[in-house]
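> Quick one, what's the 3D model for this:
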Amino acid sequence: MRVIPDLSISPEKVFFVISKSRRSDSEAGGGGVVLDFGDDDMSYGRGGRGETTDRAELAGFIRALNVDEQIDLVALTWLGRGDGDLADWRQLRAQAAQAHNQRTASYLIGTPMLADYLEEAMTQFGKSFEEFEEQL
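Numbers count the residues shown, from 1 in each chain. This next block holds a predicted model:
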């Protein structure tokens, strides 16, 4: 039987990061196409207000996490990209703690495929993004 380590960050917070990261990535790749609009907001692909807003919101959210949550988020990113498996969680987390600094938000937002890595890591913890979306 596989033992699932405890996380300092809630799955809901990780899934929020996944959601915002995906939205920001899709808008960044839009190339001038209207991607999302509401009554008072229109986003036009690269550089649109929506992309800037989502990235700023994501950066602020990550910065507002406590240190343990930020460390978990980085370790989850590394786990999801294949730097180890669940059995290596303590080691990955220790490396993330050692590397922790005030640029965690920038590092994570600048990581290509961040949402995919986090989603993969969460599946290893037995959590699915689809279940999270169903609750919304």
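
> just the helices in the protein please.
Secondary structure of the chain, counting by DSSP state H: helices at 11-28, 49-64, 67-80, 89-99, 104-109, 114-124, 129-135.

> So, low pLDDT: which residues of this protein?
Residue ranges of the chain with pLDDT under 70: 1, 26-52, 136.

> Try it again at 50.
Across the chain, residues meeting the criterion (pLDDT under 50) sit at 30-49.

> For the residue positioned nearest the centre of it, which residues are in contact?
When C-alpha atoms, centre = their mean is applied to the chain, the residue found nearest the centroid is Val17 (3.7 Å). Residues counted as contacts of Val17 (C-beta atoms under 8 Å, 6 or more residues apart in numbering) are Leu58, Phe61, Ile62, Leu73, Leu108, Leu114, Ala115, Leu118. Yep, even glycine has a C-beta here, placed from its N, CA and C like the rest.

> where's the last one relative to Gln124, distance?
From Leu118 over to Gln124 the distance is 11 Å, taken as C-beta to C-beta, to the nearest Å.

> Give me the more crowded residue out of these two.
Set Leu118 next to Gln124 and count neighbours by other C-beta atoms under 10 Å: Leu118 wins out with 25 against 15.
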